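>>> coords below, sequence missing:
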């Protein structure tokens, strides 16, 4: 099959690789209808995370079941499915507790930017739509494989409540989905920290009531003004750098929780300040499967349109350009069509 | 008045110091009936925190109101009161949100190991009993000024629930009160990590269902066995060292929260592990005033007896011996009688 591979930092190729096959009887093979590039794919692209030269890349996709293993009972070839980037059996104690991202049978999609992807624990992982969806819905369904549940997880972890105030640190696709999540949850004040006009606009469209372009201390000062001198009830940290984490703690009111979903890179948590202000931290890799039924309902009911984070669509063969566009911030998030 | 002072690490004295006086119209002066030594007093005693030579020490006490400032309306001389170690107006936005330990008018008791103590924001801070309490209740009422609400805060911060499993890291008086809190909250499995027999016994008396004497990896392994291979639903970190924090994260199940109330000393939080396991951290200085009404009811109803943490009572003049006894772990917590 054709699939996107990474050979070195900055070296993204689309080439022939072996088709994925059923390795375990609980696996399924999905023919990818749409995949995309994740902000976290930019870490190895930028050389900030190691990568195995020649390995496939891409963990987000939706598609049609092509083949299932002998033990898969809930899905059959032809089903249109959303593929959570993290695979889970949905029955182990961690899954039952709602932490499917710590499943004892955890797996990952590894060729979401390709023609086919293997899904482990298919019965536990996949969620099917009723019939083949309207093509206009594909971007929003694709967003359910990672970015929207991740923004949602930030909001859940931060304890967003109806009527409360929320700050979202990070205006990438995850942060924008965090805005959307906070809006659905009924937050009254949603402050997006963003310096990019197109992202500010989408954030406002997703429900942000305020945009703060300043960073660091001046940004925190503005947030404090907007929140009546108190700070935010909940903070969504959607980047993963030490700077963004510092901003998150600076804008949190005493007693608040920072929900974090950006994979931490070089973060040193300010434990003394956390103690002094009673500001907590919760989050991590999103338990996508946990949120999927609710989020799918919201998409199908037209209540959320997370697919709007895709502001560029390219054929799979142009994956290298997709990475460049996101790396250079010319695109928020790029959808790839095999 | 006679009061305990610290002159240098290890140099505790009881000497004459000026009586505290009303400085602001919202102050009250309390004649101390009982004070005590806190685990956190051992930090300066051991030279691990700086101290001002000759300053008074001690932030926990109960007593009788001696004098009130012109603006104090809720208390009058003769009232028997519990004095939260952190003073608060109980009306600012942080207090209203239940974070009285971040009050905009925050203050601290500074001569709780003395004959008199000044209390700032008396109307917001103090809680009176109905009449003069039975002397047998004094230790438990004294425990409400800090140690019991602090253990309670650890349990609240960790999200202890009825039927759940809890690990308490730290067998000092705060950890033991954390056990008591988890028990009142209905936790089914309460594992106290403790190597000291007298503390194990008191912990069991407070509701611990299991005691784990091992530390580090072997301790974590035992906890995992007790919790069916899963880890604890909630963890109370009641020490504040890097080792104890590491143990807390090691025994937490994915999705759990570590509630921390030990002032952090040299702690580096394992942010990568927190992300990977979705284990959160919440806590800090306890908002004593928030919990006082509920805890006072529990004490008066005979449902909790946190005063059992005092296993040694000394006259105020023997404060130096009180510090030695706690430093050498000959006593869990020492009550001082002026």
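Yep, it's here. What you see is a predicted model, and the numbers here were worked out from it, not measured in a lab.
>>> CA only for contacts and neighbour counts going forward, please
OK.
>>> what parts of chain A come near chain B?
Contact residues (CA under 8 Å from any CA of the partner chain) of chain A with chain B: A:93-94, A:97-99, A:102, A:230, A:254-255, A:257, A:260-261, A:263-264, A:267-269, A:271-272, A:274-285.
>>> which members of those are positioned in strands?
A:254-255, A:257, A:260, A:280-283 (DSSP state E).
>>> list buried residues within the residues of chain A next to chain B.
Neighbour counting with 16 or more other CA atoms under 10 Å in any protein chain shown marks A:93-94, A:97-99, A:102, A:230, A:254-255, A:257, A:260-261, A:263-264, A:267-269, A:271, A:274-285 as buried within those.
>>> contacting residues for residue A:46?
By CA atoms under 8 Å, 6 or more residues apart in numbering or on different chains, the contact set of residue A:46 is A:9-10.
>>> and it, how far is that from residue A:309?
22 Å (CA to CA, to the nearest Å).
>>> run through who's touching stretch A:201-213.
A:171, A:176-177, A:179-180, A:183, A:189-195, A:200, A:219, A:222-223, A:308-309.
>>> just checking, residue A:308 is part of a helix?
Yes: when DSSP: H, G, I helix; E, B strand; the rest coil is applied, residue A:308 is found to be in a helix.
>>> what is the neighbour count of it?
19 (other CA atoms under 10 Å in any protein chain shown).
>>> quick check: it touching residue A:139?
Yes: the criterion here is CA atoms under 8 Å, and residue A:308 meets it with residue A:139 at 7.4 Å.
>>> taking the contacts of stretch A:201-213, please make a ChimeraX selection of just the buried ones.
Buried subset of the contacts of stretch A:201-213, written as a ChimeraX selection, criterion 16+ other CA under 10 Å:
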select /A:171,176,177,179,180,183,189,190,191,192,193,194,200,219,222,223,308,309
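>>> neighbours around the residue nearest to residue A:90 when sequence neighbours are not counted, how many?
In space, and not counting its chain neighbours, residue A:90 is closest to residue A:124: 4.7 Å by CA to CA, 6 or more residues apart in numbering or on different chains. Residue A:124 has 18 neighbours, counted by other CA under 10 Å.
>>> just the pLDDT at residue A:124, thanks.
Note on residue A:124: pLDDT of 98.
>>> now it: which helix or strand?
Residue A:124 is part of helix A:122-125, with elements assigned from DSSP states H and E.
>>> residue A:336 belongs to a strand, doesn't it?
Yes: under three-state DSSP, residue A:336 falls within a strand.
>>> hmm, residue A:34 and it touching each other?
Yes: if you go by CA under 8 Å, residue A:336 and residue A:34 touch, sitting 5.9 Å apart.
>>> from the chain's centre, how far out does stretch A:50-66 sit?
Computed by CA atoms, centre = their mean, to the nearest Å, the chain-centroid distance of stretch A:50-66 equals 15 Å.
>>> show the end-to-end separation of that stretch, please.
With CA to CA, one end of stretch A:50-66 sits 32 Å from the other.
>>> quick one: mean pLDDT for that stretch?
Mean predicted confidence for stretch A:50-66 is 96.
>>> try stretch A:279-299
98.
>>> what does stretch A:10-17 give?
98.
>>> got the contact list for it?
Counting by CA under 8 Å, 6+ apart, A:1-7, A:45-47, A:316-320, A:323 sit against stretch A:10-17.
>>> work out the gap between that stretch and the centre of the chain.
Going by CA atoms, centre = their mean, where stretch A:10-17 is centred and where its chain is centred differ by 23 Å.
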